[in-house]
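1. Okay, predicted coordinates and the sequence, questions at the end:
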Amino acid sequence: MPHFLVSGIAELVSDVAAALRENGATVVEVVDLADVSKACDEAGPGAFDGYVQLPASFEVQGGSVVQRVHHFFADGVLARFPAVSAALPCLTPDARLTFVLGLLPPEVSTDDDVAARAALVRILGHASRADGPEGLRVSVLESGTSAEEIAQTASGRRPASGHRADGYAGDSYADWRVEILGLMSVEG
């Protein structure tokens, strides 16, 4: 029986968990990204056949649009990274990592913002494949994807719609990793 970790907004987690259970899976539900590490520690290495990372609860803060966008990226989008880092050791070989993008309030959301958030999540997908278990498959789904579609994608029963990390150019994630690390310079 497949076993999944699902994190994000409580209502979304509940809906996706129910859809996964309808497909014969067991699910650990986490509604705070900060608690993913605890759930993974409790589950142990290789416990999950997949991790579904849904949009998280987040309240945009700041007195200006620049401050609100900064807060959203610093404490919102980038909060996905430590949660995935905690989850990777708990995934089985050939596991599936499914990201679902979120929405920002209209006053701080622009086409550039949407593209930037999607790019950061795809970068996280690449990094996950570089550090994750052998055969890790990554999908990035658009916001508004139904719970059933998310469950089907996470279970490998349907190809992902929207962005996919599986089909990115270049098959070697070790090469990708070297390329990313090569962008950094060491000051001495």
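-> It's in. Numbering: from 1, shown residues only.
2. so where's the chain uncertain?
-> For the chain, the stretches flagged by pLDDT under 70 are 104-108, 159-188.
3. In it, which residue is most central in space?
-> residue 99 (3.6 Å; Cα atoms, centre = their mean).
4. which SS state does that residue fall under?
-> What DSSP: H, G, I helix; E, B strand; the rest coil gives for residue 99 is strand.
5. which residues touch it?
-> Counting by Cβ atoms under 8 Å, 6 or more residues apart in numbering, residue 99 touches 53, 80, 121, 124, 125, 138, 139, 140, 141. For every residue, glycine as well, the C-beta is placed using N, CA and C.
6. which SSE is the fifth one in?
-> Using DSSP states H and E, residue 125 falls within helix 111-131.
7. rewinding a little: ok, so of the contacts of residue 99, who is nearest residue 111?
-> Residue 111 has its nearest neighbour among the contacts of residue 99 in residue 121, at 16.2 Å by Cβ to Cβ.
8. so that closest one touches residue 102, yeah?
-> No: counting by Cβ atoms under 8 Å, residue 121 does not reach residue 102; the two are 9.6 Å apart.
9. So which of those two has more stuff around it?
-> Neighbour totals were compared for residue 121 and residue 102, and residue 121 leads with 23 against 20 (other Cβ atoms under 10 Å).
10. residues contacting the more buried one?
-> Going by Cβ under 8 Å, 6+ apart, residue 121 touches 77, 80, 99, 101, 140, 163.
11. And residue 155, by the same measure?
-> 2, 20, 23, 25, 50, 96.
12. In strands, which of the residues you listed appear?
-> Cross-referencing those against strands under DSSP state E gives 50, 96.
13. Could you give the number of residues near residue 86?
-> By other Cβ under 10 Å, neighbour count at residue 86 equals 20.
14. Residue 66 now?
-> Using other Cβ under 10 Å, residue 66 has 10 other residues around it.
15. quick one: secondary structure of it?
-> Using three-state DSSP, the structure places residue 66 in helix.
16. Kindly report the same for residue 61.
-> Residue 61, by the three-state scheme (three-state DSSP), is coil.
17. isn't it right up against residue 74?
-> No: contact criterion Cβ under 8 Å: residue 61 and residue 74 do not qualify, at 10.6 Å.
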